[in-house]
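Visitor: Based on what follows, work out the 3D shape:
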Amino acid sequence: MNSIPFHDVSLKDKDMKKSFFRLLNAINKKVLPKLSNKDPNRLTRMEKGILAYRYFVLVNSLD
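Guide: Sure thing, here's the model as predicted:
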């Protein structure tokens, strides 16, 4: 039986994932507020969530 291991992801799949996160990052830059001027200790819970989401998307788009 020919079985492909789950950890073996093709190059095409990685490129698609990177392209998706790059597109999502571009949308985030235009839609979501910029929080770089604010003190991280004084952010509300919602702003911290937005910051974490933007960081997650950015890291995956650079990977």
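Visitor: give me the low-pLDDT residue ranges for the protein?
Guide: 1-9, 63 (pLDDT under 70).
Visitor: Report the central residue of it.
Guide: The residue lying closest to the centre of the chain (C-alpha atoms, centre = their mean) is Val57, at 1.0 Å.
Visitor: So that residue, which state does it fall into?
Guide: helix (DSSP: H, G, I helix; E, B strand; the rest coil).
Visitor: which residues does it contact?
Guide: By C-beta atoms under 8 Å, 6 or more residues apart in numbering, the residues touching Val57 are 21, 24-25, 28. Bear in mind the C-beta positions are built from the backbone N, C-alpha and C, glycine included.
Visitor: ok, Leu24 - contacts?
Guide: Contact analysis of Leu24 by C-beta under 8 Å, 6+ apart lists 57, 61.
Visitor: what's the spacing between it and Tyr53?
Guide: Here Leu24 is placed at a distance of 10 Å from Tyr53 (C-beta to C-beta, to the nearest Å).
Visitor: that older thread, could you single out the nearest of the contacts of Val57 to Lys38?
Guide: Within the contacts of Val57, proximity to Lys38 (C-beta to C-beta) peaks at Asn28, which comes in at 16.7 Å.
Visitor: what's the helix or strand for that closest one?
Guide: Asn28 belongs to helix 11-31 when assigned by DSSP states H and E.
Visitor: Buried residues, that helix. List them.
Guide: For helix 11-31, the neighbour count (16 or more other C-beta atoms under 10 Å) marks 21, 24-25, 28 as buried.
Visitor: swap in stretch 53-62?
Guide: Residues 54, 57-58, 61 are the ones in stretch 53-62 that count as buried (16+ other C-beta under 10 Å).
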